[in-house]
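>>> When you get a sec, could you give me coordinates for this:
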Amino acid sequence: MAEIKYEIKETLGVLSENNKGWSKELNLISWNDREAKFDIRDWATEHEKMGKGVTLSKDELIKLKEILNDMDL
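The predicted model follows:
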């Protein structure tokens, strides 16, 4: 399996943390030397391991924000 290269450009926020120390974070990440995108996923304490997540372009993040703002929470 090919190695996945990533660089966390900016940590934007921690959404939650579990009892094993992993945290669900919103970060700006460059994957495989590509343009950085917004990313939500679980990370181990030193970012040495990661869980499955979702990566969003700026336009997708804006659309998600609009949807969340329209929700009656």
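>>> Where do the strands of this protein begin and end?
6-17, 23-31, 37-43, 50-56 (DSSP state E).
>>> Adding distance to Asp72, mean pLDDT and mean neighbour count as columns, could you present those strands in CSV?
In short, each C-beta sits where N, CA and C put it, glycine included. Shown next, in CSV, are the strands of the chain (distance: least, C-beta to C-beta, whole Å; pLDDT from 0 to 100; neighbours: other C-beta atoms under 10 Å):
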stretch, distance to Asp72, mean pLDDT, mean neighbour count
strand 6-17, 21, 97, 12
strand 23-31, 23, 98, 18
strand 37-43, 22, 98, 19
strand 50-56, 23, 97, 13
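>>> Which one of these lies nearest to Leu64?
Smallest distance to Leu64 across the strands of the chain (C-beta to C-beta): 6.7 Å, for strand 50-56.
>>> Dump the C-alpha coordinates for stretch 37-47 into CSV.
Listed next in CSV are the C-alpha coordinates belonging to stretch 37-47 (Å, rounded to 0.1, in the frame of the first residue of the first chain):
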residue,chain,number,x,y,z
LYS,A,37,-8.2,21.4,2.2
PHE,A,38,-10.4,21.4,5.2
ASP,A,39,-10.4,18.0,7.0
ILE,A,40,-12.5,16.5,9.8
ARG,A,41,-11.2,13.3,11.3
ASP,A,42,-10.0,11.5,14.5
TRP,A,43,-6.3,11.8,15.4
ALA,A,44,-4.1,10.1,18.0
THR,A,45,-2.4,12.4,20.5
GLU,A,46,0.7,13.3,18.4
HIS,A,47,-1.0,13.0,15.0
